[in-house]
Structure formats: structure tokens, C-alpha cells
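**Q** Pasting the sequence and the predicted model now:
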Amino acid sequence: MGHSRLGWGIVGGGETSQIGGAHRIAAGLDGQYELVAAAPDIDPAKGRAFAIRCGVPPGRAYGDWRQMLEGERGLSAPERIDLVTVATPNSTHFEIASAFLEAGFHVLCEKPLTTDLEDAQSLVASAQRHGRILAVNYGYSGYPLVRQARSMVLAGQLGAVRVVVAEFAHGSHADASDNDNPRVRWRYDPAQAGVSSVLADTGLHALHMACFVLGRRVASISADFASCVEGRALEDDALTALRFSGGEVGRLWASALAVGQIHGLTLRVFGERGGLRWAQERPNQLHWTPLGRPTRVLERGDARLSEVARRGSRITVGHAEGMLSAFANIYADIADDIRRRRNGGTLPKAPDYPTGEDGLHTLAAIHAAAASARASGAWVQVADVETSGRRRPAN
């Protein structure tokens, strides 16, 4: 491995994975990482063979994550990996991420961080204790124009934000005959998915995006969960009302039943001096409507955008740029922080990438939503706790 690149490894994300290819492309897009270790499949032989086809040295193509942990822990810098991505089923995130953090590796975990709130607190505490980066792949926050929206909100261009409306409603699980499909079935199994299905699966991205753009936490939540397809133990449609820590009002709809919607991730922000709207399927445009004036379309790649939005663009204005580049922005931000830590530099107080603390907060919101749904929509406070378990004021 060239010393100019960071060593990267991945657990999960194998040949049939929905997300593994995106991680491999995104991590390699800027030439900052080299894939040098992998345990990509629950089948050891398949996993090793696939890792080797991806260019992993045979001696570091592992049959399972425990072999990978032991093998990489036995190496010294610069040979050993700097960052490991955990792209396995939700219920396994905690055990794997915890083991790598305890061994001194930086970790990027697929969302949700865990299925259990105490486990998420434990991971954040472990990362803090060992001085390691713990990031969560809310990859859509890597889109340049999502970052532009955040910059505009935090700069006060909208004035005080009043209402935020977020959606992640698709129709991928609308066919009841898919109930026996293993790639669908686990999402509605509480043993594997936790207390929530669609809100914790796709809705979590919309929830994080709202928090990210506002620079706020969710203070309280009211939720209505519905299992519209017979036989599902967890919800396939969720409607939530949110109150943010700054008093802003939020509305979030997550669904797997929205036939005709392919992806369905959108965000609208309404302030006293203007409004913004963005849709993930048309990510190169951000619609900005100043109060009393015509709508303007802000284009990705425009030199007049904020510095963080300009930095997130890799190709000139007018060309399509999408999810892989958004994921790559997360990887690039983490690489910058790894190098800062290595060189003793000052780390940003609020990184542009989603942190373990963000993953902990969104999970707390999901648990509050599940409790609210069980209580027929009663408002439930979202636990905003330090890893010690003490409550802290919402930011």
C-alpha cells in the first residue's frame, strides 16, 4: 500500500449486497483510500474469493470479521487499516463496530448505528475513550446542495426556521407477495430490525437530514405507525410530528408503500424570510424562494455557493453528480479527520460528516417514536443523553 493512501477495510458489503458496491466506489473515488482488507460475506469461501477479485491481497481476504480483526490488529502502521466500514445487517453492527473500536480502529458504520439505544451509547463512549472516529453512513448528507441548504440555514438567510417537512417514501415493499423474500422479511422482524422498520430504515435518513440542515436535535416526537401489509410485525408506513430543540416544527413521512415513488427522499425548509426545497432524485438543484420574491434555482457546481458545497462537487456545473459522489464526500471528510488526528491537528467541533453522536440521537428519536406509536401518538421526549447516561440540554 502506498503511504499516501489510507488503508481501508470493509466487513459485509459482499457481491450481492445492496450497498457494498457504493462503498467501494465512494471510498476509491478521490484516491485517498486503498482497499486492503475485507471480510465481505457470511460464507467464508465466497467472501474470500470476492475480496480477492476486488483487489484485496489474498492474505488479507478474510473468512469472517473476527479473523479480519485479529489479522489487522497484528499489523503495525502503515500496513494496517486506518478505517473499517461495517456494512452488515443491523443487528450485528454493535458487536462488530465495538470490537474494532476497542482495537483502536476508526469505524464508519452503516445506519442505523445499532438497534439498541444502550448499545449506541456504548459505541459512542468507546470511540471517545479510545480517541477514534465513529461515523454513521447517512450518506445523503454528503450531497453538495444539502450542505448548501445547511449553510444557508445556519447563516440566517431564511431567518428563524418555522417548519421542516421531510419525506422518505418509496413503494418497494408494497407487494404483499414479497413477505417471504428474505431481503424484505428481515426488515419487519423485530429480532433483526429492532423497534421500527420503515422509520428506522429509510425514514432515518430524512430524520438525520432535517437535523443536519437545521443544526438541531429533535426534542419530542409524536408518531403513528401502521402495518398495512398483513403479517408484518413492524410498520411499513410511519407519520411523525417533531418538535426541534430550537422550537421548530417538523413533519416526517416514511413509507414502503408509496407505489410509483422510486426513492422519495425530499426536504423542505420554511423560514420567516424564505423557503428551500430539495429532492434526492434531482440532487443538482436547490430551490430557494426568498419571501415575496420569485424562486431561484441554485445549481450544484456554481462558484457562488458556500465553500462546503463547492468542495463537495467534483465535476463542472451542468453534469450529473449523485449518490456515489455524496458517499465519497463522507469518506473524504473522514480521511481529513484521520490525517488531522495523526498529525496532532485541531479537529472541527462540528464535522461535516455524520458522527456517532448523530447516530445515537437519531436512534433515540426512533425509540421515542416507537414509544409514541404504542401510546396512540402521545408526545414523547427524545432522550438526549451523554454516554454516561446523564441528560444534557438540547443544542
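**A** Thanks, I have it. Residues are numbered from 1 along each chain as shown.
**Q** Assumed residue 191 was part of a helix.
**A** Yes - per DSSP: H, G, I helix; E, B strand; the rest coil, residue 191 lies within a helix segment.
**Q** What's the per-residue pLDDT of it here?
**A** Reading off the confidence values, residue 191 has pLDDT 87.
**Q** Is residue 96 in a helix, a strand, or coil?
**A** helix.
**Q** farthest residue from the center of this structure?
**A** Within the chain, the residue lying farthest from the chain centre (Cα atoms, centre = their mean) is residue 292, at 35.3 Å.
**Q** residues contacting residue 103?
**A** Residues near residue 103 by Cβ atoms under 8 Å, 6 or more residues apart in numbering: 69, 72, 73. C-beta coordinates here come from the backbone N, C-alpha and C atoms, glycine included.
**Q** oh sorry, the question was meant for residue 258
**A** Contacts of residue 258 by Cβ under 8 Å, 6+ apart are 169, 170, 171, 174, 264.
**Q** Quickly find the element holding the closest residue in space to residue 319 that isn't next to it in sequence.
**A** Excluding the flanking residues, the one nearest residue 319 by Cβ to Cβ, 6 or more residues apart in numbering is residue 301, at 7.7 Å. Taking DSSP states H and E as the definition, one finds residue 301 inside no helix or strand.
**Q** Give me the pLDDT for residue 301.
**A** 93.
**Q** and it, how many neighbours?
**A** Residues contacting residue 301 under the criterion other Cβ atoms under 10 Å number 19.
**Q** again, but for residue 88
**A** Neighbours around residue 88, by other Cβ under 10 Å: 23.
**Q** what about the nearest residue to it once chain neighbours are set aside, distance to residue 176?
**A** Closest residue to residue 88 apart from its sequence neighbours, by Cβ to Cβ, 6+ apart: residue 12 at 3.6 Å. As judged by Cβ to Cβ, to the nearest Å, residue 12 and residue 176 stand 29 Å apart.
**Q** Neighbour count: the two, which is higher?
**A** residue 12 (24 against 11).
**Q** which residues does that one contact?
**A** Residue 12 neighbours (Cβ under 8 Å, 6+ apart): 20, 39, 40, 41, 86, 87, 88, 89, 110.
**Q** of those residues, closest to residue 324?
**A** residue 20 (12.6 Å; Cβ to Cβ).
**Q** excluding its backbone neighbours, what's nearest the closest one?
**A** Closest to residue 20 by Cβ to Cβ, 6+ apart is residue 13, at 2.7 Å.
**Q** Am I right that the one you found is in contact with residue 26?
**A** No - under the criterion of Cβ atoms under 8 Å, residue 13 makes no contact with residue 26, lying 11.2 Å away.
**Q** follow-up on the earlier one: tell me the one among the contacts of residue 103 nearest to residue 361.
**A** residue 69 (27.7 Å).
**Q** State the number of residues packed around the closest one.
**A** 22.
**Q** on that earlier part again, pull up the gap between the residue nearest to residue 319 and residue 273, please.
**A** 26 Å.
**Q** isn't residue 218 right next to residue 240, touching?
**A** No - using Cβ under 8 Å, residue 218 is not in contact with residue 240; the gap is 9.2 Å.
**Q** quick one: common contacting residues for these two?
**A** Common neighbours of residue 218 and residue 240 (Cβ under 8 Å, 6+ apart) are residue 250.
**Q** buried residues in the helix or strand hosting residue 222?
**A** Assigned by DSSP H and E, residue 222 belongs to strand 218-226. Residues 218, 219, 220, 221, 222, 223, 225 are the ones in strand 218-226 that count as buried (16 or more other Cβ atoms under 10 Å).
**Q** same deal with stretch 60-67?
**A** 60, 61, 62, 63, 65, 67.
**Q** ok, of these, which one's closest to residue 77?
**A** Ranked by distance to residue 77 (Cβ to Cβ), the buried residues of stretch 60-67 are led by residue 60 at 15.1 Å.
**Q** What sits closest to that closest one if chain neighbours are left out?
**A** Nearest residue to residue 60, sequence neighbours excluded (Cβ to Cβ, 6+ apart): residue 37, at 4.4 Å.
**Q** Show me what the helix or strand that the one you found is a member of is packed up against.
**A** Residue 37 belongs to strand 33-39 when assigned by DSSP H and E. The contact analysis (3 or more Cβ pairs under 8 Å, 6 or more residues apart in numbering; DSSP states H and E) places strand 33-39 against strand 6-12, helix 20-28, helix 44-53, helix 65-73.
**Q** what do you get if the cut-off is 10 Å, keeping everything else the same?
**A** The contact analysis (3 or more Cβ pairs under 10 Å, 6 or more residues apart in numbering; DSSP states H and E) places strand 33-39 against strand 6-12, helix 20-28, helix 44-53, helix 65-73, strand 83-87, helix 323-342.
**Q** Output the last one as CSV, nothing but the C-alphas.
**A** So the one you mean is helix 323-342. Provided in CSV are the C-alpha atoms of helix 323-342 (Å, rounded to 0.1, in the frame of the first residue of the first chain):
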residue,chain,number,x,y,z
MET,A,323,-25.1,9.2,-4.7
LEU,A,324,-21.7,7.8,-5.2
SER,A,325,-20.1,11.3,-5.0
ALA,A,326,-22.3,12.1,-1.9
PHE,A,327,-20.9,9.0,-0.2
ALA,A,328,-17.4,9.9,-1.4
ASN,A,329,-17.8,13.2,0.4
ILE,A,330,-18.4,11.4,3.7
TYR,A,331,-15.3,9.3,3.1
ALA,A,332,-13.2,12.3,2.1
ASP,A,333,-14.3,14.2,5.3
ILE,A,334,-13.3,11.2,7.5
ALA,A,335,-10.0,10.9,5.7
ASP,A,336,-9.3,14.6,6.5
ASP,A,337,-10.0,14.0,10.2
ILE,A,338,-7.9,10.8,10.3
ARG,A,339,-5.0,12.8,9.0
ARG,A,340,-5.6,15.6,11.4
ARG,A,341,-5.6,13.2,14.3
ARG,A,342,-2.4,11.5,13.0
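**Q** Good, we can wrap up now.
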